[in-house]
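S.K.: Structure for this input, please:
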Amino acid sequence: MKTVILSLAIASLLGGCAMGPDYQRPALDMPKQLGVASSPATLPTLTWESYFTDPALPPLISDALANNRDLRVAVARVEEARALYGIQKADALPSFSAVGTEAASRVPTTVNGGRDVTISRRYDANLSLLSYELDFWGRVRRLNEAAQANYFASEAAQRSFRASLIADVVSGYYAAQALSEQLAFSRKTEVARTETLRLVQRRLDVGVADRLELLEAQTALESAQTISAQLAKQKDNARHALSVLIGRVVADDELISGDATLLEKRPLPLAIQAGLPSDILLGRPDVAQAEQQLVAANANIGAARAAFFPKVTLMGSAGSASAELGDLFKSGSGAWSFLPTVSMPIFDGGRTLSGLELAEARKVGAVASYEKTIQVAFREVADVLSDQQWLAAQLEAQQRLIRSQSARMDLAERRYKDGLTNYLEFLIAQRDYFTSQQTLIEARRARLTVAAQAYKALGGE
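M.R.: The predicted structure follows:
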């Protein structure tokens, strides 16, 4: 019996072969570098502590990493996948348990033919082998491989969410800042238009303005008040959204207000250069997650194929047995049992075949998902490179426009006060300047936000 057990174990360890294809990364048709550049570029350090140099950001990001509830869920899912991997990994090893039992029975006289009542007892102490599968075809090995890949995929998903969370916190902070600055400028505009309304009223009182100009001035003021109310609502909503990301309430005084130039003064991370090697995208957490999901799908094909072949399982026990508890471990009380089982699918209504077809279909989907993830990564990096270039150009052009609009508004105001033009010309110049200033703040916000998107696009840690 020992020879049989040893032979089966050796056959399982040395003769087993894993069914199904071994994993090979799909061939990817992608350029060697990201963007068009005359010389290769190097990737800067992408830890958030070194990448985001704005002193206002580290406390917010740290709070988000400590308190964000969705990140806690992602971490818990990693632990769940790790535990599932441990459970599956245990199937590759035999399980033993120590078992002690007592069996007692009483046979009455009505059963044993009128003889005296018979009471029998049996005591057993065994070391039991619990249904160990000899993995001839690699089914357990492939399931173990799939569970490991799912664990790695959950880790990558957690890192991907972490990078997205950091980028969202940065973007949300600058969005709230921009709205706060736009609100401050809108309220300054209210003050200016209130003064203009008083000027028009005085001109009306002395007969050099008409009722229409007064109504236009009132309309301009009320329009500014409406815009201020809208911006105040949007700023509060942005602050609330940032509070959810960070996991605590963000107070008003944590956001910039009262100076429409402060966004321009925020430090900008180093721009991402064109010419980076494209294989750095394979290190992005979402790409790593998609690849590990593909590894798991590939391994499940092997497990599904192995289901067509005989399944050999071992059960047994060895120990002592006696009729008296005191004799349980005496010489001659040794006992053992051995129950090898071989099962072979004959007819299951197509269940096994459908299982294989399901595994193969899921692998096709996993390949497509992996390839799409690579494509999205290329698009995001391309967007970042383009945004960096054109947002800088837009910002410069907008700053020139602001200077022109400011000079135009000042000139129109002087002309109106001197009576050389009507109020409508001054009002149009004032409105154009207001719109241009709000657009400038938005352009500054977009330029800062693209730095956060660059961190995410290149798989920041």
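S.K.: Please, where are all the helices along the stretch 301-450 of the chain?
M.R.: Taking DSSP state H, counting those that start in this stretch as the test, the helices found in the stretch 301-450 of the chain are 351-417, 423-457.
S.K.: Could you export those as a markdown table, including mean pLDDT?
M.R.: As requested, the helices of the stretch 301-450 of the chain are exported to a markdown table (pLDDT from 0 to 100):
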| stretch | mean pLDDT |
| --- | --- |
| helix 351-417 | 90 |
| helix 423-457 | 89 |
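S.K.: Out of the ones you listed, which one sits most buried?
M.R.: Comparing those by mean neighbour count (mean count of other C-beta atoms under 10 Å), helix 423-457 ranks first with a mean of 21. (Each C-beta comes from the backbone N, C-alpha and C, glycine too.)
S.K.: Quick check: residue 459 vs residue 365, distance?
M.R.: 24 Å (C-beta to C-beta, to the nearest Å).
S.K.: contacting residues for the residue nearest to the spatial centre of the chain?
M.R.: Closest to where the C-alpha atoms of the chain average out (C-alpha atoms, centre = their mean) is residue 161, at 2.4 Å. If you count contacts by C-beta atoms under 8 Å, 6 or more residues apart in numbering, residue 161 has them with 70-71, 74.
S.K.: Please apply the same query to residue 107.
M.R.: 117-120.
S.K.: ranges for the strands of the chain?
M.R.: 33-34, 96-107, 118-134, 276-277, 311-322, 334-338, 341-343 (DSSP state E).
S.K.: among these, which is the most enclosed?
M.R.: strand 33-34 (a mean of 22).
S.K.: where does the stretch 101-250 of the chain dip in pLDDT?
M.R.: Applying pLDDT under 70 to the stretch 101-250 of the chain picks out residues 112-114.
S.K.: Quick check: the gap between residue 283 and residue 62.
M.R.: 24 Å.
S.K.: before we move on, back to that, out of the helices of the stretch 301-450 of the chain, nearest to residue 267?
M.R.: Among those, the nearest to residue 267 by C-beta to C-beta is helix 423-457 (9.3 Å).
S.K.: what is the orientation angle of the closest one with helix 351-417?
M.R.: Relative orientation of helix 423-457 versus helix 351-417 (axes from the mean of the first three to the mean of the last three C-alpha atoms, to 10 degrees): 150 degrees.
S.K.: picking that back up, return the closest of the contacts of residue 107 with respect to residue 50.
M.R.: Of these, the one sitting nearest to residue 50 (C-beta to C-beta) turns out to be residue 120, at 77.9 Å.
S.K.: if I pick the closest one, what's in contact with it?
M.R.: 104-105, 107, 323.
S.K.: let's go with 10 Å and repeat that
M.R.: Taking C-beta atoms under 10 Å, 6 or more residues apart in numbering, we find residue 120 in contact with 103-107, 323.
S.K.: Next: residue 192.
M.R.: So residue 192 contacts 220-221, 224, 409, 413, 430, 433-434 (C-beta under 10 Å, 6+ apart).
S.K.: which one of these is nearest residue 371?
M.R.: Distances from residue 371 to those, taken by C-beta to C-beta, are shortest for residue 434, at 47.8 Å.
S.K.: My guess is that closest one contacts residue 189. True?
M.R.: Yes: shown here, residue 434 and residue 189 form a contact pair, counting by C-beta atoms under 10 Å, at 5.4 Å.
S.K.: Which residue ranges make up each domain of this structure?
M.R.: 17-92+137-309+351-457, 95-134+310-343 (automatic domain parsing).
S.K.: Can you give me the end-to-end span of the last one?
M.R.: With C-alpha to C-alpha, to the nearest Å as the measure, the ends of domain 95-134+310-343 fall 20 Å from one another.
S.K.: Please give the centre-to-centre distance between it and its chain.
M.R.: 54 Å (C-alpha atoms, centre = their mean, to the nearest Å).
S.K.: swap in stretch 371-388?
M.R.: Between the centre of stretch 371-388 and the centre of its chain there are 17 Å (C-alpha atoms, centre = their mean).
S.K.: Run through the bridge partners of residue 34.
M.R.: residue 276 (DSSP bridges).
S.K.: Looks like it contacts residue 379 (just checking).
M.R.: No: with contact defined as C-beta under 10 Å, residue 34 does not count as touching residue 379 (11.0 Å).
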